[in-house]
Structure formats: structure tokens, C-alpha cells
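Q: Just the structure for this:
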Amino acid sequence: MEKNNQTKSKKSFSISWLSVIILVALIVYSIILIAILLWAAFSSVKTVDYFNNVDVVWPQSLLPWEWEFGNYGFVFMNFKVRLRGTTRSVWIESLVMNSLLYAGVGALLHTGVACLMAYLAAKFKYKFSGIIYWTVVICMTIPIVGADISNIQILNGMGFYDTFLGAWILKFNFMGTYFLVFFAIFATLPNDYAEAAFLDGAGETKVLLKVILPLVSSTFFTVFLLNFIAFWNDYTVPLLYLPTHPTLSYAVQYLTDGGGEGDFNYVPVRMATCFLVAIPILILFLIFRGRIMNKVSMGGIKE
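A: Model (predicted):
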């Protein structure tokens, strides 16, 4: 009996030490991220002369002598992307609209297709449903490298390359973690409500739209928000598939690659550009942080 108690105490002691180590690592990681963000935020409101002053040492160099919020106004009025191989430039109004079209519609399509396919695979027990499930799992475990060239050739042959329709076609798929999230929810969802609707004469489509989707609407909206944030920050797809329709994230990448002109080559202006692009996502997260943080748990989403 005493040996069992000692074994349990040792086990609990080792687990507690592991928890402490993980906690310390997370705290250090969080401090590093916060320090980087603070440095970038303070740098975005510094004057160029103060930022380049080599005589200023830390910690005095962290805070600006005078707050130059005009950097944000300069970015808003002058931020543009020159299209490669042309003399035409895309200004910030078009960049914002392109970002909304790409991220908003793309997130809605990607979330909707994953939800629909997960419902079909979970609720309709036929052999092909298992193929769909394991296709997603295998595609998540096996990296697919070099598919962009083939995708570009296919879209170009269809006449959809360098169009938003072509970019939305790329998002019209059910691959990824969120398919598994919806699948797990639908697999555990009781059939009582659907069966009651069937008895009242409802068809499959009406049951899906009127019964099933309202039950998972909270998770659907959460997944949509997460996809929107991911697509808003994505610059690789616009860079490859939308060369004449750049988004804000693409514009930031263009700036870091040396595409900026004049004052955009200075660090304070570049930091102001990054924060200006991140402001919509920060506002979105602050508004819906409760929903996102309550739904996202242990690396997944719970209903």
C-alpha cells in the first residue's frame, strides 16, 4: 500500500515538474513575442532621424522622443504596389477591396465546402464516405510540393488565371483540419431532430438548411473567422495566382522585397505599414475573441 502511494506521489511530482517546465517555456515565448510587438509598435511612431540616431542607446531607444503618428497617415495616402512589368500601380483602396474579396469569399467557400462534405461523410454511411475521410487524413500527412505549377497551368487553360474566380476555385475544397472538426461534430450529433423533420415531410436539403446548420452555426462562424484571418495574412496565393490583383499582405511582401520607394525604405514607415495592415484583424479578434477562445480548445474546436 505504501509503495503504491509512493509511486503515485512520484508520478504526480514528475507531472507537476513537466507542467512547470512547459509553463516557463510558454512564458518566455510570450515575453519574446510581446517584446517584438512592442518594439515594432514604438518604431512605427518614431521619426526617421531618431530611429537612425546611433548615439541613442537602449532603453532610451525603445521609446520615441516625439510621437510621429504621421507615419500612418503617410502610409494611408501613399501606399501602393507597382505591378511587375507595367507602369500601373494599385493603391490602398484597391488593395483593401482585393483583400476582402479574396479573404471573405475564399473563407466562406472553404468553410462551407468542408462543412458540407463532413456532413455527407459522417451522416451517410456508404463506402465512399470512408474514402473521403481517409483522403483528407492522408493529404494532411503527406506534403504536396510543386503543385502550384500544375494549378497555374490548369487555371490558365480554363481562362481563370489572374482572376478572383480562379483564386476562389482553389479554396473550393474540403482538405484540412476543419473537415475533421466538422466530421467529429456531425458524427456525435444526435439524429432526433433530423428524424422529426423527416416525419414532417422535410427533404434532405431542407433538413440540412433548417435543422443541421443552425445546430452547428456557432462552430461554422468560428471556422469562418479563423479561415478569414489566415487568408487575410496569406500573400503566397495572391503572389502566384493574382499578380494584377494584389492584396494588402501581398503589398507588405512587395515592400519587404525592396519594392518600396522613397520613405517606404525607412523602418518606421515599414512598421507603420505592417500595423496598418494588421489593424482590421486585430479589431476582428477583439470583437470576437470570446467566441474564438471559447471554441478553440486543446488544439481543436468544440461545439
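
Q: Can you give me every residue that contacts the spatially most central residue of the chain?
A: Nearest residue to the geometric centre of the chain (CA atoms, centre = their mean): Ala230, 1.5 Å. By CB atoms under 8 Å, 6 or more residues apart in numbering, the contact list for Ala230 reads Ala107. In this view, the C-beta of every residue, glycine as well, is placed from N, C-alpha and C.

Q: So for it, what's the pLDDT?
A: Listed pLDDT for Ala230 reads 92.

Q: any idea which element it lies in?
A: Here Ala230 sits within helix 217-232, counting by DSSP states H and E.

Q: so where do the strands sit in the chain?
A: Assignment of strands within the chain using DSSP state E yields the ranges 80-82, 89-91, 296-297, 300-301.

Q: Among these, which one carries the weakest average confidence?
A: Here the lowest mean pLDDT among the strands of the chain goes to strand 300-301, at a mean of 46.

Q: In the stretch 201-303 of the chain, what residue spans correspond to helices?
A: For the stretch 201-303 of the chain, the helices defined by DSSP state H, counting those that start in this stretch occupy 204-207, 213-215, 217-232, 236-241, 248-254, 267-295.

Q: can you put those helices in TSV and add distance to Thr87?
A: Formatted as TSV, the helices of the stretch 201-303 of the chain follow (distance: least, CB to CB, whole Å):
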stretch	distance to Thr87
helix 204-207	51
helix 213-215	48
helix 217-232	28
helix 236-241	20
helix 248-254	16
helix 267-295	22
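
Q: Looking at those, spot the one closest to Ile154.
A: helix 236-241 (11.1 Å; CB to CB).

Q: How about the helix holding Ala230, which residues are buried there?
A: Residues Thr219, Phe220, Thr222, Val223, Phe224, Leu225, Leu226, Asn227, Phe228, Ile229, Phe231, Trp232 are the ones in helix 217-232 that count as buried (16 or more other CB atoms under 10 Å).
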